[in-house]
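Colleague: From the sequence below, what's the structure:
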Amino acid sequence: HDTPHSLLFLSATAFWLLPSNAVLINEVSDQGTVDVCNGNDWIELSIPIEEGAPLDLAGFVLHDDNGPNDAYAYTFPSPTSLNPGDYLLLCTKTTDGPQFGIGGSDTVTLLDPSGTLVSTTGPL
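Modeller: Alright, predicted model coming up:
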């Protein structure tokens with residue numbers, strides 16, 4: 001089952017530099033999808049605004065209920081960036097994606113490089 005889309009309302013002001021909290025965990029599939037990620041679980045990130053510079057995700061940490069220090073927590077490598085208005089699909093248990101599985105009651109959390117909460121799903 002998928003989580004509902006997160007909504008963020010922004011003014012029409014142009015954003016030249018995006019704060020780290022502009023990226024959202026947009027959607028999560030904890031039971032996989034036949035035609036996406038070879039049936040593995042997946043996480044979709046997005047930046048819901050259309051203007052501004054790309055956001056550098058290097059050093060951001062994505063984790064499940066086991067926390068950011070768990071061996072399966074995923075640290076985004078350099079270079080990884082996301083453009084405003086774009087989406088980033090992360091397939092779990094792949095060589096270049098998060099290694100944690102997503103259980104029915106897990107919470108998926110995104111932290112910036114300083115450990116500050118950026119986005120979370122809450123319990124699925």
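
Colleague: Report how many residues lie close to G122.
Modeller: 10 (other CB atoms under 10 Å). The C-beta positions use only the backbone N, C-alpha and C, and glycine is treated the same way.

Colleague: Spatially nearest residue to it (excluding sequence neighbours)?
Modeller: T107 (5.9 Å; CB to CB, 6 or more residues apart in numbering).

Colleague: Poorly predicted segments of this protein, please.
Modeller: Within the chain, the stretches with pLDDT under 70 are 1-21.

Colleague: Show me where it has its strands.
Modeller: Applying DSSP state E to the chain gives strands spanning 24-29, 42-46, 55-56, 61-63, 74-75, 81-82, 87-91, 109-111, 117-120.

Colleague: packing partners for the longest one?
Modeller: In other words, strand 24-29. Here strand 24-29 touches strand 42-46, strand 117-120, going by 3 or more CB pairs under 8 Å, 6 or more residues apart in numbering; DSSP states H and E.

Colleague: for the second one, same thing?
Modeller: Packed against strand 42-46, as judged by 3+ CB pairs under 8 Å, 6+ apart, are the following elements: strand 24-29, strand 87-91.

Colleague: How about the third one?
Modeller: Taking 3+ CB pairs under 8 Å, 6+ apart as contact, the helices and strands that strand 55-56 lies on are strand 81-82.

Colleague: before we move on, what about the fifth one?
Modeller: Helices and strands in packing contact with strand 74-75 are listed as strand 61-63; criterion 3+ CB pairs under 8 Å, 6+ apart.

Colleague: Tell me what the nearest residue to L88 once chain neighbours are set aside is bridged to.
Modeller: Of all residues not flanking L88 in the chain, L45 sits nearest, at 4.5 Å (CB to CB, 6+ apart). With DSSP bridges applied, L45 shows beta-bridge pairing to I25, L88.
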